[in-house]
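Trainee: Have a look; sequence and predicted model below, questions after that.
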Amino acid sequence: MSNEQQYTFSKEELAEIEKIKAKYPDKKPPVMPVLWMAQEKFGHVEPEVQRLVAETLDLPEAHVYGVATFYTQYYKEKMGKYVLDVCTCLSCQICGGYDILHYLEEKLGIKAGETTEDGKFSIQSVECLGACGYAPMMQITNDVYCNHLTKEKVDTILDDLKKDKLPEFEQIPFPQHQNESSKS
Amino acid sequence: MPEIFIDDKRYEFEGSPVLLQFLLDVGLDHPFFCYHPSLSIPANCRQCYVEVGTPVPNRETGDYELDENGERVIRFFPKLMPACKMEASDGMVVKTHRSSELVKRGHKDVLEFILMNHPLDCPICDQAGECPLQIQTYKYGPEGSRFEHKKVHKPKRIKLGPRVILDAERCINCTRCVRFTEEISQTHQLAIISRGDKNYPATAPGREFDDPYSLNTVDICPVGALTSSDFRFKARVWEMNQTPSIDVTNGKGANIDIWTRDNLVMRITPRFNPNVNDYWMPDFGRDDYRRMNENRISRPEVKVDDTRIKSSWHNAVLTFNEYLSGVNNKEILGIGSAFSSVEDNYALNKLLNRIGVSELVFTPNIEEGSGDGFLISDDKYPNTNGCRLLGLKEMNPAGLNKAISAASVKVVVMMEDDLVGRSVVTAEDLKDKKVIYFGSNNNETSKLADLVVPITCSAEHTASYVNVDGRIQRTIPAKETLYTNRKLNLEMSVGRLDRYATKYDNWSSDDNRIDCVPAWEFIENAAEQSGQPFNFADARDVFEDLSKSIDAFSGITYERMDDELGVVIAGSEKQKVTSA
Amino acid sequence: MSTDWKSFQPLLIPKIPNLHKIDVYEKNGGYKTLKDILTSKDHTPESVTNTVKAANLRGRGGAGFNAGLKWSFMPKPDGGPRYIAANGDESEPGTFKDRQIFEYNPHQFIEGSIIAGYAMDITAVYVYIRGEYRSWINMFQKAVDDAYAKGYLGKNICNSGFDLDMYVHSGAGAYICGEESSLMESLEGKRGYPRVKPPFPAQKGLWGRPTTINNIETLANVPLIMKNGSEWYTSIGAKTHPGPVLYGISGHVNKPGVYEYPTGMLISDLINEVCGGMRGGKKVKAVIPGGSSTPPLRGDQLDGVRMDADSLREAGSMMGTAGMVIMDEDTDMVDVLWRISHFYHHESCGQCTPCRDGTGFLEKTLIKIKNGEGETRDLDLLLDLCTQIEGRTICALADAAAWPVRYTITRFREDFEKRVKKSAFALA
């Protein structure tokens, strides 16, 4: 058994949780935002973290467990430092999402659902991420989207991530704004 | 009265009953899994489909619209509707599988899906024989499966807690167990985890399902997903007899069924009584079967020169009378018991009164604060109120100790109550006194007695008990003694094995029949031996006698207890059980 | 139907640089409509609802229900809390439009929400955004903070005495939470299990109180309607399904992306004119018009089919979210259908039997066909399973899972026939 004390919220975080609670008229709703907070801090929501959330919010542990396991973005076990969520759903599928996934698998020597031995990368094949027009694409650790992926782009992203450099948010211009401006 | 038409037959109803419940109440079998009358209704199993239509009201006349034939125009819902989520309304038209091919198909379709991922392990499943999925598959299911793929695999043989085992592959996600821990026991220990066809109920990681009511989830599980770790693999349902009875492990008197096979109690399950325990009972009450089977006193025992020997019943009766007549009646102390029935306490009291001994004394076994306000009472004995209503003298433990230890007391007659084990009295207190003990199980007190009269336990006799709320309820014998016979006693249930077994079959024996009689019967024998019989032939006679002589019991009969699910004795009515 | 779509200027995401900044939004007339409504005597909650109703603003989240009519279902205020849950979960494959609003024009949505809040006497708006949209949640939260700072949210908005709070709630990866009752369950901190209706959200929604759920894009339309009137609005696009709409176009076109045009656009125009035609000049094989749950249309049957509810119904599909997936002639419909089925199997919440187990049955059968092990009877089995699933569950996810199967097989049967062996026996 690992030490339960290793998972705690700081004073500031508890104050933040109080603010979250104030948004809702009931004591259950903060469970999702607080699970998010916990995952941000600890990198996962393993059972002990779920317990911390339950205790902090005075909710039944089983309830928190049920919620945490319902939503796929919560990591119920430790993941790599960078989780590469490759969209393979519909638009990405027909635009080469699986090629990107397999390229990543080959490059990192792991299969989707696995983590590299050095704990740096996990790969997941995920459902539609809502970037269908910018396929193929992936999301890094529930955060930034990398669109219009090519093997070269994947290489660059991986090289950067190895140096702990996260890709920046890519603003994709609204096409109608662009067209007009190019005309004028 | 509002009316409803089910398969072209007219029924009347009151209020706004749940349609599914109404179907069941009027005796129309209908398949369902997730619905439970005492739980919220999630409508998730989708098994109880019906076609439902309502008449179309005419806004102007207030009457219903009629078609050209003068028949009511019925507007049907475009889809199959789950009957558990519909409320009966006036003029409603319902088609079940009896009159609708669509409904029939709907029932079959859902069963095909449920069975898709359900293991075909009925032959080794405890639920088989009393399994709603099994029964409904026979009645409404598809003839075969078109599913030719791998089933979803999930954890098996998970010890959810000390008493409940989960086979997640058998689970059909009806969520009854989760709703039970949320709505009834309110421990919130279970939740459905994961998503889609990977769903199953679980406790939080590392936590035990130690809810004091956990075994109720096993009862309501409509498949064999939740089983009792104690009862697992012990007996097949169809091998057992089921006998209605009363839980005597605490003052609530939950209604139970006692399940026996070859006169051994195999398990105890709760029996529905809306006024006492609804569909539920505490886990520890189910463990009481051990008391009924094990450590029993069989055949009377007497102490001769400090040695305990087994004795004949004839000798026991003679010894009993000898002890009582050998001393002055002021030197006899009669002790009643809140653990024993109304009948037994009454009979002993009556006998002792006749020889000039004053009322029995007794001390209740109440542990303040140990109850939960639901089905576990502070009172650990089933009949404290019965003793009070009989007019027995209530004492606190210290008072009773003083009464027993008094030097003037030479003979102590005790109805079953382990006063030594309860630390009310000590062996020292009983030294130099003749102790007569009526009991069904060996214990600290019976060990010290000079005469031990083996009596029937609550699974072997007909007897009544008054619970903490003043409700008198009775037991029916479930287990034969050496002197009872289920084929002759018309109240006892006769199961398949009893009916067809002979002594030469390996599933039937006399091994588990205890050599004991009801306490009142021994008392009757003693009275008869002394030449003044009470003429009690059965428990009914005893009860009739006491209901005539004691006002509190006036007008109460076994029939009323049966018909009215127990009778609240006037003046002792307290709160009803609430499941909220 | 206006033919001048080429001259159409975007209204939901107008071409104004930095419009996401509140100052810029205000400078361009933003929040004026709101102030006007809150302070002028000409407006009452009823009049606002009626205007929106008359504009026939049809929900942009998929069902296409008249938003104003939906608002009118709210019971009379009783002094207790009442809510709007704004649905920004967009998880339907092929849909990526609401994030454009968060990114480019969040204040128009906020303004629309406040107007809707006024119309229904709402106390708080919960904006539910899918958890994957972390970047957009942050952008939008900034916009909400700015609106609070400027007094458009909070107590006594624009000195009108009207109070309204807006809270952003992040999902965490569950398609089902885009279903309105599941969204409410999720907001309440539970597993996203859809609720049985009735009671409808307007009677018993969030925390048992009256609630209206509207899509983000729907609410972003509201300031336009209130500013320009319902007549102006109904003159845009298709008669029975008016207004501007965000078309999210993906797949094998040259210029995929989100485009704002009036409803009722010809699908062929969208592909050939707006998106610059098919990649590599290939032929169109299939078009999914409104997200993965809407039945696919054959590429050779697109003539005259327009993107509005009526035209699509006639063509045998639905408008859905207007998230269009365009597939070229090289696309293997067996693979596509398997991937769609995999999605619904993965996303079924597991509550109702027909969906929980049925979606798995569909997917497993499609895998068998995909692997070349299927038989013709498996195709009939799939269609039969659809009948067993459709309309048999609490929410519409099961329908959404069944429709693509039914219509992909019936409309592209040749693709499937090629992959299966002939059955020796017919389906039992």
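Mentor: Ah, there it is.
Trainee: Can you name the residues of the stretch 251-400 of chain C sitting close to chain B?
Mentor: Applying Cβ under 8 Å from any Cβ of the partner chain, one finds that the stretch 251-400 of chain C approaches chain B through C:345-354, C:356-361, C:364-365, C:367-368, C:381, C:388, C:391-394. (C-beta placed from N, C-alpha, C; glycine too.)
Trainee: and the stretch 251-400 of chain C, which of its residues are near chain A?
Mentor: C:251-252, C:255-260, C:288, C:292, C:323, C:325, C:327, C:331, C:335-336, C:339-340, C:343, C:346-347, C:349.
Trainee: Please list only the buried members of these.
Mentor: Neighbour counting with 16 or more other Cβ atoms under 10 Å in any protein chain shown marks C:251-252, C:256-260, C:288, C:292, C:323, C:325, C:327, C:331, C:335-336, C:339-340, C:343, C:346-347, C:349 as buried within these.
Trainee: Please flag which of the residues you listed sit within strands.
Mentor: Under the assignment DSSP state E, those contribute C:251, C:257-260, C:288, C:323, C:325, C:327 to strands.
Trainee: Now render the residues you listed as JSON lines, adding distance to residue B:546.
Mentor: Output for those, formatted as JSON lines (distance: Cβ to Cβ, whole Å):
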{"residue": "C:251", "distance to residue B:546": "87"}
{"residue": "C:257", "distance to residue B:546": "90"}
{"residue": "C:258", "distance to residue B:546": "86"}
{"residue": "C:259", "distance to residue B:546": "91"}
{"residue": "C:260", "distance to residue B:546": "89"}
{"residue": "C:288", "distance to residue B:546": "81"}
{"residue": "C:323", "distance to residue B:546": "80"}
{"residue": "C:325", "distance to residue B:546": "83"}
{"residue": "C:327", "distance to residue B:546": "87"}
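Trainee: And the strands in the stretch 1-150 of chain C?
Mentor: C:83-88, C:124-129 (DSSP state E, counting those that start in this stretch).
Trainee: quick one: average confidence on the last one?
Mentor: Mean pLDDT, computed over strand C:124-129, is 98.
Trainee: By the neighbour-count criterion, which of the residues of the stretch 251-400 of chain C next to chain B qualify as buried?
Mentor: For those, a burial check counting by 16+ other Cβ under 10 Å picks out C:345-354, C:356-361, C:364-365, C:368, C:381, C:388, C:392-394.
Trainee: isn't there a strand covering residue B:387?
Mentor: No. Secondary structure assignment (DSSP: H, G, I helix; E, B strand; the rest coil) places residue B:387 in helix, not in a strand.
Trainee: contacting residues for it?
Mentor: Listed by Cβ atoms under 8 Å, 6 or more residues apart in numbering or on different chains, the contact set of residue B:387 reads B:336-338, B:345, B:360, B:362, B:364, B:394.
Trainee: Kindly reformat those as JSON lines and extend each row with neighbour count and distance to residue A:55.
Mentor: Formatted as JSON lines, the contacts of residue B:387 follow (neighbours: other Cβ atoms under 10 Å in any protein chain shown; distance: Cβ to Cβ, whole Å):
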{"residue": "B:336", "neighbour count": "29", "distance to residue A:55": "50"}
{"residue": "B:337", "neighbour count": "28", "distance to residue A:55": "46"}
{"residue": "B:338", "neighbour count": "27", "distance to residue A:55": "42"}
{"residue": "B:345", "neighbour count": "28", "distance to residue A:55": "50"}
{"residue": "B:360", "neighbour count": "25", "distance to residue A:55": "53"}
{"residue": "B:362", "neighbour count": "29", "distance to residue A:55": "47"}
{"residue": "B:364", "neighbour count": "22", "distance to residue A:55": "40"}
{"residue": "B:394", "neighbour count": "16", "distance to residue A:55": "46"}
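Trainee: May I see the buried residues of stretch C:43-55?
Mentor: So, applying 16+ other Cβ under 10 Å, buried residues of stretch C:43-55: C:43, C:45, C:48-55.
Trainee: meant to ask about stretch B:15-34
Mentor: So for stretch B:15-34, counting by 16+ other Cβ under 10 Å, buried means B:17-24, B:28, B:30-34.
Trainee: burial measure for the residue nearest to residue A:31 when sequence neighbours are not counted, as a count.
Mentor: Nearest residue to residue A:31, sequence neighbours excluded (Cβ to Cβ, 6 or more residues apart in numbering or on different chains): residue C:189, at 4.2 Å. If you count neighbours by other Cβ atoms under 10 Å in any protein chain shown, residue C:189 ends up with 23.
Trainee: The residues of the stretch 251-400 of chain C next to chain B in helices, which ones?
Mentor: C:345-347, C:353-354, C:356-361, C:364-365, C:367-368, C:381, C:388 (DSSP state H).
Trainee: Direction included, what does the helix or strand hosting residue B:465 pair up with?
Mentor: According to DSSP states H and E, residue B:465 maps onto strand B:464-466. In the sheet, strand B:464-466 lines up against strand B:471-474 (antiparallel) (DSSP bridges).
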